[in-house]
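Participant: What shape does this take:
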Amino acid sequence: MTLEQIEAAILQLPPDEYQKLLEWFEELDNQRWDKQLEKDIADGKLEDLAQEAIADFEAGHYREI
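Facilitator: Now for the predicted structure:
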């Protein structure tokens with residue numbers, strides 16, 4: 001199935017089925033994002049950002065929300 005075929009099929013969905021697809025896709029996207037974040041953390045890719053954030057906090061460079 002091509003992307004164009006998938007797009008055409010989505011456009012033909014009734015509103016309730018479209019909503020279910022939207023919710024499913026959002027959940028899938030969230031799961032993939034979570035897996036990528038976990039991988040990046042395990043690979044140490046966020047370590048520099050974490051250290052920078054901690055240093056900023058300890059230096060008083062933050063604001064309460």
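Participant: do you know how far Gln51 is from Gly44?
Facilitator: Per C-beta to C-beta, to the nearest Å, Gln51 is found 11 Å from Gly44. C-beta coordinates here come from the backbone N, C-alpha and C atoms, glycine included.
Participant: now Leu13
Facilitator: 43 Å.
Participant: of the two, who's got more company?
Facilitator: Set side by side, Leu13 and Gly44 show more neighbours around Leu13, with 13 against 9, by other C-beta atoms under 10 Å.
Participant: what residue of the protein is the furthest out?
Facilitator: Ala59 (30.3 Å; C-alpha atoms, centre = their mean).
Participant: And that one, its phi and psi?
Facilitator: phi -90, psi 0 (degrees, to the nearest 10).
Participant: Just want the most central residue of the protein.
Facilitator: Central residue of the chain (C-alpha atoms, centre = their mean): Trp33, at 3.9 Å.
Participant: what about the helices in this structure?
Facilitator: With DSSP state H applied, the chain shows helices at 3-11, 15-42, 47-58, listed in chain order.
Participant: Let me have the ones you listed in TSV, extended by distance to Glu64.
Facilitator: TSV is the format used below for the helices of the chain (distance: least, C-beta to C-beta, whole Å):
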stretch	distance to Glu64
helix 3-11	43
helix 15-42	25
helix 47-58	12
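Participant: Could I get these in TSV, plus columns for mean pLDDT and distance to Ile65?
Facilitator: Listed next are the helices of the chain as TSV, based on pLDDT from 0 to 100; distance: least, C-beta to C-beta, whole Å:
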stretch	mean pLDDT	distance to Ile65
helix 3-11	98	38
helix 15-42	98	21
helix 47-58	96	13
